[in-house]
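*Asks:* My questions concern the predicted model and sequence given below.
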Amino acid sequence: MASTVIGAGITIEGEVTADDDVVVQGTIRGKLTSRDAVTVESGAVVEADVASGPLSVAGSITGNITSSDRVDLQTGAKVVGNVKATRITIADGAQFKGNVDMDV
Amino acid sequence: MATRDASTVIGRGTHVRGRIAGDGDVEIHGRVDGEVTLEGDVSVEQGGLVASNVSARRIVVRGAVKGDLVASESIVLEEGARVVGDLRAPRIAIAGGLVRGYVQSGDGQSAPRAAAKSVARPVATKAAVVAAAPAPSAARPAQASNGSPAKKAAPPAPQQVAHASRDRGNAPRAISLAGGGPAAKHGPPSPVVPSLKKGAKGALKKKA
């Protein structure tokens, strides 16, 4: 169980800063920062810049993504924004529009 | 409410700066600086800190809140709760913790709201302090205290409100007919200051 869960049906407008992992099932508008893993589940809407550790996306993110670890866009994910991460996977069926920046 | 099962947790190391809204239950272990407005239940757990108003169906506090709590069903303050702000809900239980603020239980429809606010406020504030003080005696489980400690707190306020509304029983009609009539009736006597004619002050000064 993640230490922070934004449940479906919940909307946060503002800034979320976490030390531990975050699971988003609802909506966040603003900014999302975590030192640990972030999971954006199917049905979740994130209209925010995301800075995190490992990021796993099955929902929708509109905003720039910066990860100190890997970013996984799963089937059904929809991402619009630039992604900066050490590793990126984009599953078949994920929608993505934006630049990718990996430490080459 | 299709998303009843959806539970939101603001973890210990998490800080939310902004509004939290929607329906579903929220458990706060971390810090929230921003309004919390929900259809579901909110619990501010030990170590949790909310620095703004909270409105929800039911509110349980074991942590700290600096802001007003408004619940459509009930508010329960448990051991360790620290609240600086007003509480308003049909049922309020203070089973421990510290409160500084105005407490109003009951549906609030029975008394005219304006009268309750303007007249009963200072008295009710005392009632809130009284309610907070004997809290340890109400160390029974909060679930059982569906208003039993609140009953200790509640009676003074409704009585005051009742007085207020009784005093004003005739007033509204009078007010609607003649604006300042009742004010003259109930108001303080006019100050005993001799009224001087225009220019009289100057004349006195000249003499002196």
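*Replies:* Good, I have the coordinates.
*Asks:* What is the least confident helix or strand in chain B?
*Replies:* Within chain B, no helix or strand scores below helix B:113-132, which has a mean of 39 by mean pLDDT, DSSP states H and E.
*Asks:* What helix or strand is the residue in chain A that chain B sits nearest to located in?
*Replies:* Nearest residue of chain A to chain B: A:Gly14, at 1.1 Å (CB to the nearest CB). C-beta here means a position set from N, CA and C on the backbone, and glycine is covered the same way. According to DSSP states H and E, A:Gly14 maps onto strand A:10-18.
*Asks:* repeat for B:Val26
*Replies:* According to DSSP H and E, B:Val26 maps onto strand B:25-28.
*Asks:* what does that strand contact?
*Replies:* If you take CB atoms under 8 Å, 6 or more residues apart in numbering or on different chains as the criterion, strand B:25-28 is touched by A:7, A:10, B:6-10, B:20, B:36, B:38, B:40-45, B:48, B:50, B:56, B:63.
*Asks:* Please identify the pairing partners of it and their relative orientation?
*Replies:* Paired with strand B:25-28 in the same sheet, following DSSP bridges, are strand B:7-10 (parallel), strand B:41-44 (parallel).
*Asks:* Including mean neighbour count, could the ones you listed go into JSON lines?
*Replies:* JSON lines is the format used below for those (neighbours: other CB atoms under 10 Å in any protein chain shown):
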{"stretch": "strand B:7-10", "mean neighbour count": "24"}
{"stretch": "strand B:41-44", "mean neighbour count": "24"}
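*Asks:* Those: which one's closest to B:Ser72?
*Replies:* Nearest of these to B:Ser72, taken as CB to CB: strand B:41-44 at 10.7 Å.
*Asks:* same question for the helix or strand just after that closest one, mean pLDDT?
*Replies:* Next helix or strand after strand B:41-44 toward the C-terminus (DSSP H and E): strand B:49-50. In this model, strand B:49-50 has a mean pLDDT of 95.
*Asks:* Is strand B:49-50 positioned near chain A?
*Replies:* No - counting by CB under 8 Å from any CB of the partner chain, chain A has no neighbours in strand B:49-50; the shortest distance is 13.3 Å.
*Asks:* what packs against that strand?
*Replies:* strand B:31-33, strand B:64-66 (3 or more CB pairs under 8 Å, 6 or more residues apart in numbering or on different chains; DSSP states H and E).
*Asks:* quick one: contacts of that strand?
*Replies:* For strand B:49-50, the surrounding residues in contact (CB under 8 Å, 6+ apart) are B:Ile28, B:Gly30, B:Arg31, B:Val32, B:Val36, B:Val44, B:Gly63, B:Ala64, B:Val65, B:Lys66, B:Gly67.
*Asks:* and those, which two are the farthest apart?
*Replies:* Going by CB to CB, the pair spanning those furthest: B:Gly30 and B:Gly67, at 15.9 Å.
*Asks:* Mind checking which of those two has more residues around it?
*Replies:* Applying other CB atoms under 10 Å in any protein chain shown to B:Gly30 and B:Gly67 shows that B:Gly30 carries more neighbours, namely 26 against 20.
*Asks:* Please name the nearest non-neighbouring residue to that one.
*Replies:* B:Thr14 (3.9 Å; CB to CB, 6 or more residues apart in numbering or on different chains).
*Asks:* Kindly tell me how buried that neighbour is, as a neighbour count.
*Replies:* Neighbours of B:Thr14 (other CB under 10 Å): 25.
*Asks:* so who does it touch?
*Replies:* A:Ser3, A:Thr4, A:Val16, A:Thr17, A:Ala18, A:Asp19, A:Asp20, A:Val22, B:His29, B:Gly30, B:Arg31.
*Asks:* Go through those residues and give me the one with the most neighbours.
*Replies:* Highest neighbour count within these: A:Val22, with 31 neighbours (other CB under 10 Å).
*Asks:* That residue bridge partners, please.
*Replies:* A:Thr4, A:Val38.
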